[in-house]
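A.B. asks: fold the following for me, if possible:
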Amino acid sequence: MRRWATVGLIGYGVVVVAVLMLPVSYGGIVNWLTVRLQGITGWAAIRSGWVEFAANILMFVPLGCLLSLLARRRWHGTVLALALSVAAEIAQIVIPSRQPSLRDVLGNFSGAAVGAVLAWLLVAWARRRDRRADPGTSLASEAA
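C.D. replies: Here you go, the predicted model:
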């Protein structure tokens, strides 16, 4: 599982660095998506700020999951994702057309926390599956 998490983290990192650091304003994309969501749901209460916040959450779920799978302690992945989020927002200060914000950090951290919980559930499921597959091995390893 660690090998797959490492490969996934590398691929994820390339994509996210490109998204975060390109000197592109994503306001047009967010506005387009907001209008589409309003049309699909019929909810005029959907605003671009909430769409962007949700996108930040979704973007960091894989990071929290992958880092937590690689970390020795599950919460280390979330803390590292928070540090990376803060670093990304600070880096955006010097990029034209990008606007760093604490709201983005909150969304990123929330997504990473959701990802860490998913990683914990995945590990718990895999351990339970392994115990069912070979009950004698799990008893021997618990006794050791």
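
A.B. asks: all strands for the chain, in order.
C.D. replies: Remark: no strands are assigned in the chain by DSSP state E.

A.B. asks: which sections of it are below the confidence cut-off?
C.D. replies: Along the chain, the parts satisfying pLDDT under 70 run over 20, 24-25, 135-144.

A.B. asks: packing partners for the top helix by length along it?
C.D. replies: Counting residues, the longest helix in the chain under DSSP state H turns out to be helix 102-133. Contacts defined by 3 or more C-beta pairs under 8 Å, 6 or more residues apart in numbering; DSSP states H and E place helix 102-133 against helix 48-70, helix 74-91, helix 135-143. Just so you know, the C-beta spots here come from the backbone N, C-alpha and C atoms, and that holds for glycine as well.

A.B. asks: what's the most buried one of those?
C.D. replies: Neighbour counts (mean count of other C-beta atoms under 10 Å) averaged over each of the helices and strands packed on helix 102-133 peak at helix 48-70, with a mean of 21.

A.B. asks: can I get that helix in CSV? Just the C-alpha atoms.
C.D. replies: Provided in CSV are the C-alpha atoms of helix 48-70 (Å, rounded to 0.1, in the frame of the first residue of the first chain):
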residue,chain,number,x,y,z
SER,A,48,-18.9,31.3,-6.2
GLY,A,49,-17.1,31.6,-2.8
TRP,A,50,-18.7,28.3,-1.7
VAL,A,51,-17.9,26.6,-4.9
GLU,A,52,-14.3,27.6,-4.6
PHE,A,53,-14.3,26.5,-0.9
ALA,A,54,-15.7,23.1,-1.9
ALA,A,55,-13.1,22.8,-4.6
ASN,A,56,-10.3,23.5,-2.1
ILE,A,57,-11.7,20.7,0.1
LEU,A,58,-11.9,18.2,-2.7
MET,A,59,-8.4,19.1,-4.0
PHE,A,60,-6.8,18.3,-0.6
VAL,A,61,-8.7,15.0,0.2
PRO,A,62,-6.2,12.9,-1.8
LEU,A,63,-3.3,14.7,-0.2
GLY,A,64,-4.5,14.0,3.4
CYS,A,65,-5.2,10.4,2.4
LEU,A,66,-1.9,9.7,0.7
LEU,A,67,0.2,11.5,3.4
SER,A,68,-1.6,9.7,6.1
LEU,A,69,-1.0,6.3,4.5
LEU,A,70,2.7,7.2,4.3
